[in-house]
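Student: kindly generate the corresponding structure for this input.
(2 chains)
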Number of protein chains: 2
Amino acid sequence: MSAFRSIEWLEEGVVRMIDQRRLPHETVYNDYTNYQTVAQAITDMVIRGAPAIGAAAAYGLALTTHHTAADGPYALQAELAQADAVLRKSRPTAVNLFWALDRMASLINRPDWVSIGDMQTAILAEAHAIAQEDVEINKAIGRNALQLIPDEATIIHHCNTGSLATVDYGTALGIIRMAHESGKQIMALLDETRPRLQGGRLSAYELKAQGVPFKVIVDSASGYYLRKGEVDLCVVGADRVVANGDTANKIGTYNLAVVAQANGVPFYVAAPTTTIDMALENGDEIDIEERSAQEVTHVGNWQITPDEVEVANPAFDVTPAEYITAIITEKGIVYPPFKENLAKIMSD
Amino acid sequence: MSAFRSIEWLEEGVVRMIDQRRLPHETVYNDYTNYQTVAQAITDMVIRGAPAIGAAAAYGLALTTHHTAADGPYALQAELAQADAVLRKSRPTAVNLFWALDRMASLINRPDWVSIGDMQTAILAEAHAIAQEDVEINKAIGRNALQLIPDEATIIHHCNTGSLATVDYGTALGIIRMAHESGKQIMALLDETRPRLQGGRLSAYELKAQGVPFKVIVDSASGYYLRKGEVDLCVVGADRVVANGDTANKIGTYNLAVVAQANGVPFYVAAPTTTIDMALENGDEIDIEERSAQEVTHVGNWQITPDEVEVANPAFDVTPAEYITAIITEKGIVYPPFKENLAKIMSD
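Tutor: Numbers count the residues shown, from 1 in each chain, chains lettered A, B, ... in the order given. From the prediction side, this is the model:
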């Protein structure tokens, strides 16, 4: 597998994930053979990033199918419904999880299955298709974005949206990678992205390996560089884009977008169409996950705060569409008005 | 001494500081007997916060005077000039350092000193006066701010501006403390303030001891709460306010101010008039300190990033006056237009 592929299927019926909690210092692969542990891995952020958890959920169902003791298609469908319900609760905000489970369910729930063996073959093939399509989609996003990137560009990036956040390649970080590979002179300013430091740990790890020039900054330093006029654009990923263009993404995205706009710097969201949720009208309807206090009170084994302090730790925020210059998808670049233009691209 | 007094003079000619790098987990006092180690303590952030480093510099000169081997006032003046030059280089951004050294110099450079003993008495008295006046000034800032604080208020605070950042009591955090002590229902949202985590470590430590309700948040979560309409005001300190109202303060202050304004939430700067530098026209003239990469790559002994990555680490940013609702000083609240109104209050 590529050094950064977030998830892989081994033919003996094992899902292997690189443990992203331990990067960049330790490269550890964890093996999973049932949906329960896959769901826990999503919750615990062994694997994270909207596209990656979509693929992980699909493979969770494939594991269930592979190892089933069911005596016929109907029993297996029931078992998979249970797996679906557990996987669906693993994280609330990224829509790709639900998209992937819905796509798998529409296959699983076909009324005409003849044998367990047919189901095993088809369900694994569908999980593979979701994973492989994601890689192709990421590269298309990167290609579509090239026209937006000056030949010399300083780009602020938030969180991690690279190979590790997807199946492979990446969305927003994939754009930076492709711009670099295409010969543009890129300097990435990587928000470290507290509390879990996906930028300082994971994006730095990926760009270092890829030879893309970058500097790590604390999240609140973005404005310093924006105000100095040293930044050409910002690009981030998305956990969910809704019908009006409002975008849920890693906490801090909203602050960055507001400060970018105050300085006249374009702010782009990179999102596969699997991240676009036309069922919600606006961003306030998105369920925002609140995670544990420990993420804020500790970094690694180092305790920051005094003992027993209260913490508020929303994992995502919503950036209203008015702060977004364009949404870069695999089908093309979507500009405002987003309501009309997202509807158009989603119905193509 | 009070649990939080940042700096104290012991009569045997020792300056004692609580080592703020080790809080909240260890309460360690360091003793200093010469200006060189005091200057290093300022550089290393054993003591930090604009008012506190002003007092530390004054006591650095008092130490020099106390322990001098000079044979007369002229020789001591020369020795103190050397101390002044070293202390002046300890940190570049906060103007209180220069203000305190200037105030001490105008005493030291009097032409009519008769004896070393007279100088020792007068210079120590002046350092004590700077320290004691700071405490009184802080309390006056707190009292002046009370009219701006609703009876029930959620307040975002950035960095640490409490007792530890001053001689005692605090500026912006002193306002929160006084509002709480006056019976208002206060909830403080404390930005943890990467990279050095003065909010998560020091402000949390102080408010916990004082019984003021608070929650620690990552810096980039401020916008989440501002946009939800849950925040009544933001209040921060300042390292330097210049003639037009532009304010240098801890990195991240600018982002917070921009996002507060985008949400119609008042943004206040609490600053003693010793922090106001009428010699500079606008904030772009302020020297912004760049600190070591290690502050970003590590938290405590925990390494975040891969080895050998580039980092950019500006310690401060400049918030343009247009984002500041008012500046709260010990002489009163200064509203826009700041150029006129700061000039007026500074000439009173």
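Student: so which residues on the stretch 51-200 of chain A come close to chain B?
Tutor: Residues of the stretch 51-200 of chain A found near chain B (C-beta under 8 Å from any C-beta of the partner chain) are A:189, A:191-195, A:197, A:200. (Each C-beta comes from the backbone N, C-alpha and C, glycine too.)
Student: okay, the residues you listed in JSON lines with pLDDT, secondary structure and neighbour count next?
Tutor: What follows is these, written out as JSON lines (pLDDT from 0 to 100; DSSP: H, G, I helix; E, B strand; the rest coil; neighbours: other C-beta atoms under 10 Å in any protein chain shown):
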{"residue": "A:L189", "pLDDT": "98", "secondary structure": "strand", "neighbour count": "22"}
{"residue": "A:D191", "pLDDT": "98", "secondary structure": "strand", "neighbour count": "30"}
{"residue": "A:E192", "pLDDT": "98", "secondary structure": "coil", "neighbour count": "30"}
{"residue": "A:T193", "pLDDT": "98", "secondary structure": "coil", "neighbour count": "26"}
{"residue": "A:R194", "pLDDT": "98", "secondary structure": "coil", "neighbour count": "30"}
{"residue": "A:P195", "pLDDT": "98", "secondary structure": "coil", "neighbour count": "26"}
{"residue": "A:L197", "pLDDT": "98", "secondary structure": "coil", "neighbour count": "24"}
{"residue": "A:G200", "pLDDT": "98", "secondary structure": "helix", "neighbour count": "31"}
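Student: quick check, nearest of these to A:Q303?
Tutor: Of all these, A:P195 has the smallest distance to A:Q303: 13.2 Å, by C-beta to C-beta.
Student: hmm, A:V311 and the closest one touching each other?
Tutor: No: using C-beta atoms under 8 Å, A:P195 is not in contact with A:V311, being 9.2 Å away.
Student: list the residues that contact both of those two?
Tutor: Common neighbours of A:P195 and A:V311 (criterion: C-beta atoms under 8 Å, 6 or more residues apart in numbering or on different chains): A:V296.
Student: contacting residues around the residue lying closest to A:L80 once chain neighbours are set aside?
Tutor: Spatial nearest neighbour of A:L80, chain neighbours left out: A:I108 (5.1 Å); criterion: C-beta to C-beta, 6 or more residues apart in numbering or on different chains. Neighbouring residues of A:I108 by C-beta under 8 Å, 6+ apart: A:61, A:77, A:80, A:84, A:119, A:123.
Student: so which of those sit within strands?
Tutor: Judged by DSSP state E, strands contain none of these.
Student: what is the end-to-end distance of stretch A:223-237?
Tutor: 19 Å (C-alpha to C-alpha, to the nearest Å).
Student: for the record, mean pLDDT for that stretch?
Tutor: For stretch A:223-237, mean pLDDT rounds to 98.
Student: tell me if that stretch is near chain B.
Tutor: Yes: under the criterion of C-beta under 8 Å from any C-beta, chain B is reached by stretch A:223-237 at A:223-225, A:227.
Student: how far off centre is that stretch?
Tutor: Distance, stretch centre to chain centre, for stretch A:223-237: 22 Å (C-alpha atoms, centre = their mean, to the nearest Å).
Student: give me the buried positions along that stretch.
Tutor: A:223-227, A:231-237 (16 or more other C-beta atoms under 10 Å in any protein chain shown).
Student: and what of stretch A:89-105?
Tutor: For stretch A:89-105, by 16+ other C-beta under 10 Å, it's A:90-101, A:103-105.
Student: right, and chain B sits closest to which residue of the stretch 51-200 of chain A?
Tutor: A:R194 (4.1 Å; C-beta to the nearest C-beta).
Student: dump the residue contacts of that residue.
Tutor: A:218-219, A:252, A:296, B:192, B:194, B:218-220.
Student: now A:S90
Tutor: With C-beta under 8 Å, 6+ apart, A:S90 has these contacts: A:39-40, A:42-43, A:53, A:57, A:97.
Student: and the contacts of stretch A:45-52?
Tutor: Residues contacting stretch A:45-52 (C-beta under 8 Å, 6+ apart): A:6-7, A:17, A:19-21, A:30, A:41-42, A:53, A:56, A:94-97, A:134, A:137-138, A:160-161, A:164-167, A:171, A:196, A:198, A:237-240, A:272, A:274-275.
Student: let's go with 7 Å and repeat that
Tutor: A:6-7, A:17, A:19-21, A:30, A:41, A:53, A:56, A:94, A:96, A:134, A:160-161, A:164-167, A:171, A:196, A:237-239, A:272, A:274-275 (C-beta atoms under 7 Å, 6 or more residues apart in numbering or on different chains).
Student: just stretch A:4-12 next, same as before
Tutor: A:1, A:15-18, A:47, A:52, A:55-56, A:59, A:128, A:131, A:162-164, A:166-168, A:206.
Student: how about the helices of the stretch 201-348 of chain A, start to end?
Tutor: Per DSSP state H, counting those that start in this stretch, the stretch 201-348 of chain A has helices spanning A:204-210, A:222-227, A:253-262, A:294-297, A:338-347. These are given in chain order.
Student: for the stretch 51-200 of chain A, same thing?
Tutor: With DSSP H, counting those that start in this stretch, the ranges of helices along the stretch 51-200 of chain A come out as A:73-88, A:95-108, A:116-145, A:172-181, A:198.
Student: and chain A, what are its domains?
Tutor: Following automatic domain parsing, chain A resolves into domains at A:7-139, A:148-347.
Student: kindly compare burial across these and name the winner.
Tutor: domain A:148-347 (a mean of 22; mean count of other C-beta atoms under 10 Å in any protein chain shown).
Student: how far off centre is that domain?
Tutor: That offset, for domain A:148-347, works out to 10 Å (C-alpha atoms, centre = their mean).
Student: where does the prediction get shaky in chain A?
Tutor: Along chain A, segments meeting pLDDT under 70 span A:1-3.
Student: now with 50, please.
Tutor: A:1 (pLDDT under 50).
Student: who's the closest residue to A:V269 other than its chain neighbours bridged to?
Tutor: Nearest non-adjacent residue to A:V269, counting by C-beta to C-beta, 6+ apart: A:I327, 4.7 Å away. Taking DSSP bridges as the rule, A:I327 bridges to A:V269, A:V334.
Student: export the helices of the stretch 201-348 of chain A to TSV and tack on distance to B:K331?
Tutor: What follows is these, written out as TSV (distance: least, C-beta to C-beta, whole Å):
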stretch	distance to B:K331
helix A:204-210	47
helix A:222-227	30
helix A:253-262	31
helix A:294-297	38
helix A:338-347	49
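Student: for B:V258, which of those is the nearest?
Tutor: helix A:253-262 (4.9 Å).
Student: only C-alpha atoms, please: export that closest one in PDB.
Tutor: C-alpha atoms of helix A:253-262 as PDB (Å, rounded to 0.1, in the frame of the first residue of the first chain):
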ATOM      1  CA  THR A 253     -12.500  26.800   9.900                       C
ATOM      2  CA  TYR A 254     -15.100  29.600  10.500                       C
ATOM      3  CA  ASN A 255     -12.600  31.900  12.200                       C
ATOM      4  CA  LEU A 256     -10.200  31.400   9.300                       C
ATOM      5  CA  ALA A 257     -12.900  32.100   6.700                       C
ATOM      6  CA  VAL A 258     -14.000  35.300   8.400                       C
ATOM      7  CA  VAL A 259     -10.500  36.600   8.800                       C
ATOM      8  CA  ALA A 260      -9.700  35.700   5.100                       C
ATOM      9  CA  GLN A 261     -12.700  37.600   3.900                       C
ATOM     10  CA  ALA A 262     -11.800  40.700   6.100                       C
END
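Student: the inter-axis angle of that helix versus helix B:253-262?
Tutor: 90 degrees (axes from the mean of the first three to the mean of the last three C-alpha atoms, to 10 degrees).
Student: re the thing from before, reformat the contacts of A:I108 as CSV; add distance to A:N282.
Tutor: Formatted as CSV, those follow (distance: C-beta to C-beta, whole Å):
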residue, distance to A:N282
A:L61, 31
A:Q77, 35
A:L80, 33
A:D84, 27
A:M119, 39
A:I123, 35
